[in-house]
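Chemist: need a structure here:
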Amino acid sequence: MTDFQPVRVFAHSNALLVSHVRNLLEAAGIPAELRNMTLGGGAGELPLGECEPEVWVKPHNRERAETLIREALAGEGGAPAWRCPGCGEPQEGVFDACWKCGTHRP
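Modeler: All right, here's what the predicted structure looks like:
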């Protein structure tokens, strides 16, 4: 019976990061559940580990979910970095235009 109980694959004090991880998993076809999204106010009264927002998945998705999370947090699998042809500013791969001068990515 416990083989079907969800398992925690990610926890962090930053609720936006936790939501991003859940969205990443959902986009990859892995159903994910958010927990503890509103317990931050209990920090101090409750143990910190019990208050952090968490992402949970079914056990059969655990390995794939953990791999996707690890790659995403390490920056693997994303768009490559580039240098703005207008001002020479280094850019992260997620941007299609330079944050400094607005020149579009080549």
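Chemist: just for this structure, where's the confidence low?
Modeler: Along the chain, segments meeting pLDDT under 70 span 1-3, 39-50, 75-80, 94.
Chemist: quick one: the strands in it?
Modeler: Defined through DSSP state E, the strands belonging to the chain, from first to last, are 7-11, 33-35, 54-57, 82-83, 90-91.
Chemist: redo the ones you listed as TSV? Include mean neighbour count.
Modeler: For glycine as for every other residue, the C-beta is placed from the backbone atoms N, C-alpha and C. As requested, those are arranged in TSV below (neighbours: other Cβ atoms under 10 Å):
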stretch	mean neighbour count
strand 7-11	18
strand 33-35	14
strand 54-57	23
strand 82-83	14
strand 90-91	14
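Chemist: TSV for those strands, including distance to His20?
Modeler: Below are the strands of the chain laid out as TSV (distance: least, Cβ to Cβ, whole Å):
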stretch	distance to His20
strand 7-11	10
strand 33-35	11
strand 54-57	10
strand 82-83	22
strand 90-91	20
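Chemist: so which of those is nearest Glu71?
Modeler: The closest approach between Glu71 and any of the strands of the chain, judged by Cβ to Cβ, belongs to strand 7-11 at 12.8 Å.
Chemist: list the residues that contact Ile30.
Modeler: Val57, Asn61, Arg64, Ala65, Leu68 (Cβ atoms under 8 Å, 6 or more residues apart in numbering).
Chemist: write the PyMOL selection for whichever of these are buried.
Modeler: Of those, the buried ones go into a single PyMOL selection, burial set by 16 or more other Cβ atoms under 10 Å:
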select buried, resi 57+61+65+68
